[in-house]
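Peer 1: Predicted model and sequence below, questions to follow.
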Amino acid sequence: MIKNIFSVVFVIIGGTAFSQIDLPNNSVRFDASESTVESTTGFEIPAVKAPSLSKTQNPNSPNNSDLGKEKENQLDLQNGDGLIDYTGTNKAPKYFSQDKEEKPEYGKDQYLGDFKTTAKKATIMYRDHEFVDGDMIRVYVNGEIVIPQARLEGSFRGFDLPLQDGFNKIDFQALNQGSSGPNTAQLNIYDEIGNLLASYEWDLLTGNKATAIVVKQ
């Protein structure tokens with residue numbers, strides 16, 4: 001009887017021990033992987049362009065290459081000077097069939113006048129103020145020739161004269177008398193910003209001079 005009891009106990013203990021033995025784990029492990037599915041949001045990131053090292057001019061941007069450069073102001077002789085009526089042109093206001101008749105006083109030098117200014121330079125402009133007939137002149141400044149020969153036209157022509165302190169003597173010598181009458185001219189003198197300083201006229205015979213003096217203060 002006791003033998004049978006030991007046999008039952010042995011069977012129970014053996015079964016329990018057998019049930020506690022670990023069985024091998026045959027489960028499969030799946031590692032998470034990154035999704036390669038493209039986004040369906042519809043947004044696309046634009047490609048980034050590398051900046052260009054070359055200098056390109058934007059056509060809508062101002063050109064600053066001329067900044068700080070002062071443009072030369074052109075003298076406007078077409079707006080009238082208060083001495084003649086403006087007719088929309090800088091041509092002489094009248095053309096005669098002939099110049100004035102020669103008079104004895106035309107056969108000597110003429111003093112036109114003098115004036116004072118603080119300008120650094122003057123613009124000397126001259127033209128034939130009557131019949132344009134080929135009058136020619138020579139211009140001297142302080143006794144030296146600056147314009148060897150100039151033809152008097154219906155339009156103003158001339159030159160810029162840097163002024164020295166004190167007296168600046170300007171002589172206009174008649175080289176001829178053209179084809180009609182004496183050598184006739186209108187002389188306008190302007191300052192550096194275009195203000196009219198003086199206006200004169202002369203009537204000369206060949207070889208005579210008309211003189212104007214600009215005094216720089």
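Peer 2: Received, thanks.
Peer 1: rest of the way, CA atoms for contacts and neighbours
Peer 2: Fine.
Peer 1: hey, which helix or strand in this structure has the poorest pLDDT?
Peer 2: Least confident helix or strand of the chain, by mean pLDDT, DSSP states H and E, is helix 2-19 with a mean of 54.
Peer 1: Let me see the contact set for residue 169.
Peer 2: With contact set as Cα atoms under 8 Å, 6 or more residues apart in numbering, residue 169 has these partners: 140-143, 211-214.
Peer 1: Could you export the residues you listed as a markdown table, including secondary structure?
Peer 2: Formatted as a markdown table, the contacts of residue 169 follow (DSSP: H, G, I helix; E, B strand; the rest coil):
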| residue | secondary structure |
| --- | --- |
| 140 | strand |
| 141 | strand |
| 142 | coil |
| 143 | coil |
| 211 | strand |
| 212 | strand |
| 213 | strand |
| 214 | strand |
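Peer 1: gap between the residue lying closest to residue 214 once chain neighbours are set aside and residue 180?
Peer 2: Counting by Cα to Cα, 6 or more residues apart in numbering, residue 214 lies nearest to residue 168, which is 5.0 Å off, once chain neighbours are set aside. Using Cα to Cα, to the nearest Å, residue 168 is found at 32 Å from residue 180.
Peer 1: now, which of the contacts of residue 169 sits nearest residue 150?
Peer 2: Nearest to residue 150 among these: residue 140, at 11.9 Å, using Cα to Cα.
Peer 1: Name all residues that make contact with the closest one.
Peer 2: Residue 140 touches 146-147, 169-172, counting by Cα under 8 Å, 6+ apart.
Peer 1: This structure: strands as residue ranges?
Peer 2: Along the chain, the segments classed as strands by DSSP state E run 110-117, 121-127, 136-141, 144-151, 157-162, 166-174, 183-190, 196-204, 209-216.
Peer 1: among those strands, which is the most enclosed?
Peer 2: strand 183-190 (a mean of 24; mean count of other Cα atoms under 10 Å).
Peer 1: For that strand, name the packing helices and strands.
Peer 2: strand 121-127, strand 196-204 (3 or more Cα pairs under 8 Å, 6 or more residues apart in numbering; DSSP states H and E).
Peer 1: Other residues contacting it?
Peer 2: 99, 122-130, 135-136, 152, 174, 176-177, 196-206.
Peer 1: mind redoing it with 7 Å?
Peer 2: The contact list for strand 183-190, computed with Cα atoms under 7 Å, 6 or more residues apart in numbering, reads 122-130, 135, 174, 176-177, 196-205.
Peer 1: before we move on, what about stretch 112-132?
Peer 2: By Cα under 7 Å, 6+ apart, stretch 112-132 touches 92, 94-99, 152-163, 184-192, 200, 210-217.
Peer 1: can we see that at 6 Å?
Peer 2: Stretch 112-132 is contacted from outside by 92, 95-96, 99, 152-163, 184-192, 211-217, using Cα atoms under 6 Å, 6 or more residues apart in numbering.
Peer 1: Quickly list what residue 172 is bridged to.
Peer 2: residue 139, residue 210 (DSSP bridges).
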